[in-house]
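Chemist: Everything below, folded, please.
(4 chains)
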2 protein chains.
Amino acid sequence: MGFAETFKALSDGGRREILILLKQGRMSAGEIGSHFDMTGATISYHLNILKKADLVYEQKEKNFVYYELNTSVIEDVMLWLSDLKGA
Amino acid sequence: MGFAETFKALSDGGRREILILLKQGRMSAGEIGSHFDMTGATISYHLNILKKADLVYEQKEKNFVYYELNTSVIEDVMLWLSDLKGA
DNA sequence: ATAGTATTTAGAAATATTTCTAAATACTAC
DNA sequence: GTAGTATTTAGAAATATTTCTAAATACTAT
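Modeler: Prediction:
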């Protein structure tokens, strides 16, 4: 999407923690949720925001949904910031 | 402050435009406002959010308030993103 | 001091975000 | 097919964000 979605997604501490968790590798929605004091519905809401921001992608397998970090957008954001900062 | 404030500040397109404008150098609140279709009050509101996020700092001179880009926090954000992206 | 310019503050309205509970969907395994 | 597990969707409540208008503050210059 655009930078608005990306920065908005990153503005929530819980969502940033989810991303940090996913540095370890892909993880099911349930396992992600087990790390937080939130309902599964709330976790699902946050995962959806991260997905729409292209910060994660999902893989459905059996009756699990796995989420994995998507680093391509992170690069784009770093480039934007680098340009803002200037030479 | 923290990353929440920074990312939240960056999540608004108008605020990002203000920052891009300030790449050219410091600019008074009024001149910043003249680039946007918003009231001065709204511009002031956004400048305050950018200031609280340490993305700009202000210098009062005569009856003008000048705003200038502060790049130190941008570096911090880039480091956080770089770590998230991993090696 | 008065008038004028620059900016911020206060208060209110519209919209967006975050979270929950309860229900729905999707799949597995017997 | 029934029961159970995993996840999402729907709807509602609480809070936060964005924007405006009008008023207040701060400073300049006559």
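Chemist: Number of residues surrounding the nearest residue to residue A:22 once chain neighbours are set aside?
Modeler: Distances taken as C-beta to C-beta, 6 or more residues apart in numbering or on different chains place residue A:69 nearest to residue A:22, at 4.3 Å, with adjacent residues excluded. Any C-beta I mention is one placed from the backbone N, CA and C, and that applies to glycine too. Neighbourhood size, residue A:69 [other C-beta atoms under 10 Å in any protein chain shown]: 22.
Chemist: was I right about residue A:69 contacting residue A:53?
Modeler: No - counting by C-beta atoms under 8 Å, residue A:69 does not reach residue A:53; the two are 12.0 Å apart.
Chemist: re the thing from before, which residues does the residue nearest to residue A:22 contact?
Modeler: Residues counted as contacts of residue A:69 (C-beta atoms under 8 Å, 6 or more residues apart in numbering or on different chains) are A:19, A:22, A:23, A:55, A:56, B:84.
Chemist: State the distance from it to residue A:28.
Modeler: Going from residue A:69 to residue A:28 by C-beta to C-beta, to the nearest Å gives 14 Å.
Chemist: Next: residue A:79.
Modeler: According to C-beta to C-beta, residue A:79 and residue A:28 sit 32 Å apart.
Chemist: same question, residue A:48
Modeler: 15 Å.
Chemist: Of those two, give the one with the bigger neighbour count.
Modeler: A direct count of neighbours by other C-beta under 10 Å for residue A:48 and residue A:28 places residue A:28 higher, at 17 against 12.
Chemist: Let me see the contact set for the more buried one.
Modeler: By C-beta under 8 Å, 6+ apart, residue A:28 lies in contact with A:64, A:65, A:66, A:67.
Chemist: which residues does it form a beta bridge with?
Modeler: residue A:66 (DSSP bridges).
Chemist: In which helix or strand does residue A:9 reside?
Modeler: With elements taken from DSSP states H and E, the one containing residue A:9 is helix A:3-10.
Chemist: Do the following helix or strand past that helix and DNA strand C come into contact?
Modeler: Scanning forward in sequence from helix A:3-10 by DSSP H and E, the next helix or strand is helix A:13-22. Yes - applying C-beta under 7 Å from any atom of the strand, one finds helix A:13-22 touching DNA strand C at residue A:14.
Chemist: hmm, who's touching helix A:13-22?
Modeler: Contact with helix A:13-22 is made by A:9-10, A:27, A:32, A:35-36, A:38, A:43, A:46-47, A:49-50, A:55-56, A:67-69, B:3-4, B:84, as judged by C-beta under 8 Å, 6+ apart.
Chemist: make it 7 Å
Modeler: Under the criterion C-beta atoms under 7 Å, 6 or more residues apart in numbering or on different chains, residues A:9-10, A:27, A:32, A:35-36, A:46, A:49-50, A:55-56, A:67-69, B:3-4, B:84 lie in contact with helix A:13-22.
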